[in-house]
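Asker: curious how this folds, go ahead:
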Amino acid sequence: MRILSLKNVTKKIKDKTILKAVSFDVNEGEIVGFLGPNGAGKTTTIKLILGILTPDEGNIFVRGKNIKNRKALINELRNISSIVEAPGLYEYLTGFENLEQVARLDDRIKVSAINKLVEEVGLEKSIFNKVKTYSLGMKQKLALVQALITKPKLLILDEPTNGLDPLAAVQIRELLKKASTENNVSILISSHILGELERLCDRVIFINNGQIVKNEKLTPSDENRFVVVTKKMAECTKILKNEDFVYEILPLKNKLLVTIKAGSAQKIINVLTRNNIDIEEIYKYHETLEEKYMGVYAK
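Answerer: Modelled structure (predicted):
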């Protein structure tokens, strides 16, 4: 089921086109990374989804409802939670009192659910302290708990691990994965911390100059591409080119990237060994999210 769909969304601000015919979907239970350099159009897109801005052209659907219709937007906002730019918290209240404010507005929220989420992000020892005493990372954790206690269908996050130490980042990542897998929460997440997104996301969408330039799934590795490390690169290349199970050989810094027929990995080793080519390493190729990012933007 598609929880979010953007169809040819265009937005102009002061005669400047910020978004141009942007289209993408987020499915139920899917975690999607939304990437791009500063000024690419990420925040504008998020504000359009949340109804803060209105598209000049195109349509946005949440759970199949067109939120250009104000009544539909108001109804669907009950199913959307977000943390955009900075956590919206009452500094003069305790962490728990902040959560109580949300609970008062939504009778679906149970105290037991609040306590469980507080423990999962490691805030149980400070939840009754004033928020003004919290670090930025603690505020990020509290804001995420605040967003999740409403049991949203769609969660939109802008830099959720900003200011977090590595342990806290892991806690947040695990909490988001759990929300996605156990509660079918769809998550659209914008961040510059590519390593975190790579560990978290099912798919990534790249935006640049207000247009979607790439939309692809993240997979652990490419099953039919292998990296071969050897000191005899020229000889290795010559030998493998003559094998019918080898489709392509590309230099990859001081290595070879070999695309082969499925199930032929052992043949690489057999052929090179038979021809007295010493193999230092051979492993499945995995293009990191950072490499994908640089491939899109470093041009």
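Asker: skipping its backbone neighbours, what lies nearest N129 in space?
Answerer: Nearest residue to N129, sequence neighbours excluded (CB to CB, 6 or more residues apart in numbering): T94, at 6.0 Å. Just so you know, the C-beta spots here come from the backbone N, C-alpha and C atoms, and that holds for glycine as well.
Asker: contacting residues for that neighbour?
Answerer: The contact partners of T94, taken as CB atoms under 8 Å, 6 or more residues apart in numbering, are 127-131.
Asker: mind checking the SS state of the residue nearest the centre of the chain?
Answerer: What sits nearest the mean C-alpha location of the chain, by CA atoms, centre = their mean, is G33, with 2.4 Å. Three-state call for G33 (DSSP: H, G, I helix; E, B strand; the rest coil): strand.
Asker: roughly how far does it sit from K68?
Answerer: 26 Å (CB to CB, to the nearest Å).
Asker: one more: P152?
Answerer: As judged by CB to CB, P152 and K68 stand 21 Å apart.
Asker: what packs against the helix or strand hosting N215?
Answerer: Here N215 sits within strand 211-217, counting by DSSP states H and E. Other helices and strands packing on strand 211-217, by 3 or more CB pairs under 8 Å, 6 or more residues apart in numbering; DSSP states H and E, are strand 16-27, strand 203-208, helix 289-297.
Asker: make JSON lines from these and add mean neighbour count to it.
Answerer: Formatted as JSON lines, those follow (neighbours: other CB atoms under 10 Å):
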{"stretch": "strand 16-27", "mean neighbour count": "18"}
{"stretch": "strand 203-208", "mean neighbour count": "21"}
{"stretch": "helix 289-297", "mean neighbour count": "15"}
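Asker: would you map out the domains in this structure?
Answerer: Residue ranges for each domain of the chain read 2-217, 225-297, as given by automatic domain parsing.
Asker: pick the most buried one from those.
Answerer: Highest mean neighbour count of these: domain 2-217, a mean of 18 (counted as mean count of other CB atoms under 10 Å).
Asker: relative to C236, how far out is the residue lying closest to S82 once chain neighbours are set aside?
Answerer: Sequence neighbours aside, I156 is the residue nearest to S82 in space, at 4.1 Å (criterion: CB to CB, 6+ apart). I156 sits 48 Å away from C236, going by CB to CB.
Asker: with I3 instead?
Answerer: Between I3 and C236 the computed distance is 48 Å (CB to CB).
Asker: and what of V170?
Answerer: If you measure V170 against C236 using CB to CB, the figure is 40 Å.
Asker: so Y283 sits against R225, correct?
Answerer: No. Taking contacts as CB atoms under 8 Å, Y283 lies outside contact range of R225: 10.3 Å.
Asker: ok, now which ones touch I260?
Answerer: Contact analysis of I260 by CB under 8 Å, 6+ apart lists 224-226, 245-247, 267-268.
Asker: same question but for I149, I mixed them up
Answerer: By CB under 8 Å, 6+ apart, I149 lies in contact with 99, 102-103, 109, 113-114, 117.
Asker: likewise I279?
Answerer: By CB under 8 Å, 6+ apart, the residues touching I279 are 228-230, 269, 272-273.
Asker: grab the longest helix from this structure for me.
Answerer: helix 166-183 (DSSP state H).
Asker: on that earlier part again, what would the contacts of I279 look like in CSV with secondary structure and distance to T181?
Answerer: Formatted as CSV, those follow (DSSP: H, G, I helix; E, B strand; the rest coil; distance: CB to CB, whole Å):
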residue, secondary structure, distance to T181
V228, strand, 36
V229, strand, 36
T230, coil, 41
I269, helix, 37
L272, helix, 41
T273, helix, 43
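Asker: from those, which is closest to R203?
Answerer: The closest of the contacts of I279 to R203 turns out to be V228 (CB to CB; 29.3 Å).
Asker: can I assume that closest one is in contact with K255?
Answerer: Yes. Using CB under 8 Å, V228 is in contact with K255, at 6.5 Å.
Asker: contacting residues for the residue lying closest to G29 once chain neighbours are set aside?
Answerer: Nearest residue to G29, sequence neighbours excluded (CB to CB, 6+ apart): N184, at 4.2 Å. Residues near N184 by CB under 8 Å, 6+ apart: 28-29, 153.
Asker: poorly predicted segments of this protein, please.
Answerer: Applying pLDDT under 70 to the chain flags residues 163, 219-223, 299.
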